[in-house]
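# Task: produce atomic coordinates for the following.
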Amino acid sequence: MTSGKPIVLGVLALQGAFREHIAYFNCILDSNPDEYSNFDISIIEVKTKEQLEKCDSLVIPGGESSSISYISERTQLLPHLYDFIANEQKKTWGTCAGLIFLSKEIQNGIENQKCLGGLNIQVNRNAFGRQLNSFEIDLDFSKFIKGCDKFPTVFIRAPVVTKILDGNCNAVEKGIIKSENTYHNSAPTEILYELKNYNNSNNDLIVAVKQGHILGTSFHPELSDNYSFHKWFLDDFVLKSCK
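Numbering: from 1, shown residues only. Modelled structure (predicted):
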């Protein structure tokens, strides 16, 4: 029987690819039992306030950001998600739609769409176009994930980070959805990865950021055939402060 430190990692299961995230984390735990023997790690679906309250960390999956927003509001989970991301002892990671949901500002959002405001960024929703414009590319993340130099990175109707915000700008911008959360993340926003000169456009597109206890990626690591990104989040975000 496991007697290590109890850790609960939740995956928001309102909509989107939550099952894939859960499968990857369970695969990591099953494949590396000795490495995690000091912990009693549970991976759970999160659909309710009660489930969220059990969590030490949370993953918000890819899917449809407006649907995740509407369902969280309809089920009255939204204010509890606001509180969760404001707790800097809790680690959160959003992929694709999850990145949009975690942002402070959204371009090309849907009417009445909400965002959690945990990352001081503005994102352009569906920046790469429609489903037909989805693509996969091998990227080098070895600067922050050891040995991860050829990661199969999947972009599906993906957002990009268009602006790093100072966190104190309240100016009204036409067509921009702003978070209603009063939380201000005071940690510096780190750009983890940019697509350099994307499509020969001379534009560098920000597709991965970290701000203190919150991680955001435009792409879908849960849809690759490699769990390196999930293991990095588990090791360097969820468990690092517990060791």
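
# For the spatially closest residue to residue 219 that is not a sequence neighbour, give the beta-bridge partners.
Nearest residue to residue 219, sequence neighbours excluded (CB to CB, 6 or more residues apart in numbering): residue 153, at 4.7 Å. Placement of C-beta: from N, CA and C, glycine included. Following DSSP bridges, residue 153 is listed with bridge partners residue 137.

# quick one: contacts for residue 153?
136, 137, 138, 139, 219, 221, 224 (CB atoms under 8 Å, 6 or more residues apart in numbering).

# Give me the buried subset of these.
Buried by 16 or more other CB atoms under 10 Å: 139, 219, 221, 224, out of those.

# before we move on, back to that, ok, so of the contacts of residue 153, who is nearest residue 101?
residue 219 (15.2 Å; CB to CB).

# Quick check: the most centrally placed residue in the chain vs residue 216, distance?
By CA atoms, centre = their mean, the chain has its centre lying nearest to residue 94, at 1.1 Å. Separation of residue 94 from residue 216 (CB to CB, to the nearest Å): 5 Å.

# Tell me the residues that contact both of these two, please.
Common neighbours of residue 94 and residue 216 (CB under 8 Å, 6+ apart) are residue 102.

# From the rest of the structure, what touches the helix or strand containing residue 163?
For residue 163, the element it lies in under DSSP states H and E is strand 160-164. Strand 160-164 is touched from outside by 99, 103, 105, 107, 120-124, 127-128, 189, 191, 205-207, 209, 216, 218, with contacts defined as CB under 8 Å, 6+ apart.

# Give me the buried entries from those residues.
Buried among these by 16+ other CB under 10 Å: 99, 103, 105, 107, 120-124, 127-128, 189, 205-207, 209, 216, 218.
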